[in-house]
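> Here is the input, now give the coordinates:
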Amino acid sequence: MFAGRIALVTGGGGGIGRAVCRILARDGARVVATDINSKSVEETVSMLVNPGEHVALSMNVTDKASVESVVKATIDKLQAPPSLVANIAGITQDNFLLKMEERSFMDVLDVNVKGTFLVTQVVTSALVEHGITSGSIVNLSSIMGKTGNIGQCNYGASKAAVQGLTKSSALELARVGVRVNCVLPGFTQTPMVETVPEKVQKKVLKLTPLNRFAQPEEIAEVVAFLLSDKSSFMTGSCVEVTGGLGM
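Residues are numbered from 1 along each chain as shown. Here you go, the predicted model:
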């Protein structure tokens with residue numbers, strides 16, 4: 001489906017990001033798996049189909065110089081910038097609003113929003129510079145960006161912002177041939193969700209009509225669809241993949 005196209009995945013060291021890497025590689029992409037934890041993305045690349053065709057790089061999405069370094073390294077290694085981007089990197093630092101430290105609020109916005117912005121900006125600039133007029137970006141939002149959630153005012157705000165960033169980016173980047181969409185997962189079986197208290201997980205499960213949490217691959221398949229030409233007339237779309245949670 002991707003026939004040798006170069007795909008940059010942030011947060012590729014585990015969870016949904018790792019699943020996205022595996023599915024993109026399965027479908028023929030050359031994957032540049034990135035994460036702030038270099039060991040974790042090296043493990044990811046070792047799991048991919050034809051691991052020698054892919055690249056593992058450490059990247060801090062909140063640091064523009066780090067993002068630029070990864071894009072340059074991609075061009076050096078693979079002779080072109082990535083034309084597919086999955087902005088999956090994200091963090092939580094949960095607490096009740098009245099107890100949340102300012103730093104915790106801003107750290108989550110830095111990774112989840114600023115990181116998505118920087119990767120989008122740097123990669124798209126490289127595509128324009130190289131005269132590439134076809135690209136696709138998928139950002140990871142969350143159903144919590146739509147519904148909000150107790151103890152997650154920072155996370156909910158960041159994921160709502162990702163939706164706004166997606167739509168604004170889609171409007172601007174269409175003229176250079178880049179589509180931008182986002183996915184809103186519900187609760188998914190990842191290390192991030194495992195940190196949520198069990199009583200909260202049980203409450204969410206009762207509110208989910210399909211009565212289970214998603215597997216990372218179920219989210220990743222939708223990300224791959226939005227990156228592919230199968231979604232060629234979609235841009236600025238925010239797709240819910242929640243098992244019915246938040247309808």
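> can you give me the offset of stretch 120-129 from its chain's centre?
17 Å (C-alpha atoms, centre = their mean, to the nearest Å).
> what's the answer for stretch 57-69, then?
On C-alpha atoms, centre = their mean, the centre of stretch 57-69 falls 15 Å from the chain's centre.
> any residues touching that stretch, and which ones?
Residues outside stretch 57-69 that contact it (C-beta atoms under 8 Å, 6 or more residues apart in numbering) are 10, 32-38, 41, 70, 73-74, 87, 89, 110-111, 114-116, 118-119, 122. Every residue, glycine included, has its C-beta placed from N, CA and C.
> Which parts of this structure are strands?
All strands of the chain, identified by DSSP state E, fall at 6-10, 30-35, 55-58, 84-87, 135-140, 178-185, 238-241.
> could you give the angle of the second one to strand 6-10?
It stands for strand 30-35. Put simply, strand 30-35 runs at 10 degrees to strand 6-10, going by axes from the mean of the first three to the mean of the last three C-alpha atoms, to 10 degrees.
> Where in this structure is the helix or strand with the lowest mean pLDDT?
Here the helix or strand of the chain ranked lowest by mean pLDDT, DSSP states H and E is helix 191-194, holding a mean of 84.
> can you pull the buried residues of it?
Residues Met192, Val193 are the ones in helix 191-194 that count as buried (16 or more other C-beta atoms under 10 Å).
> Show me what the mean pLDDT comes to for stretch 164-173.
In this model, stretch 164-173 has a mean pLDDT of 98.
> What are the buried residues along it?
So stretch 164-173, judged by 16+ other C-beta under 10 Å, has buried residues Leu165, Thr166, Lys167, Ser169, Ala170, Leu173.
> who touches the first one in this structure?
In other words, Leu165. Val113, Thr116, Phe117, Thr120, Asn139.
> roughly how far apart are the last one and Gln215?
Translated: Asn139. Remark: distance between Asn139 and Gln215 (C-beta to C-beta, to the nearest Å) = 20 Å.
> Between those two, point out the one with more neighbours.
Asn139 (30 against 14; other C-beta atoms under 10 Å).
> Out of the contacts of Leu165, which is nearest to Gln79?
For the contacts of Leu165, the residue nearest Gln79 by C-beta to C-beta is Thr120; the value is 22.0 Å.
> any idea how far the closest one lies from Val20?
Separation of Thr120 from Val20 (C-beta to C-beta): 16 Å.
> more neighbours, these two?
Val20 (33 against 22).
> Can you give me the pLDDT of the more buried one?
98.
> That one: what's it in contact with?
Counting by C-beta under 8 Å, 6+ apart, Val20 touches Val9, Gly12, Ala86, Ile88, Ala220, Val223, Ala224.
> next one: Ala86
Listed by C-beta under 8 Å, 6+ apart, the contact partners of Ala86 are Ala7, Leu8, Val9, Thr10, Gly17, Val20, Leu24, Ile137, Val138, Leu140, Val223, Leu227.
> beta partners for the second one?
Translated: Leu8. Beta bridges link Leu8 to Val32, Val85, judged by DSSP bridges.
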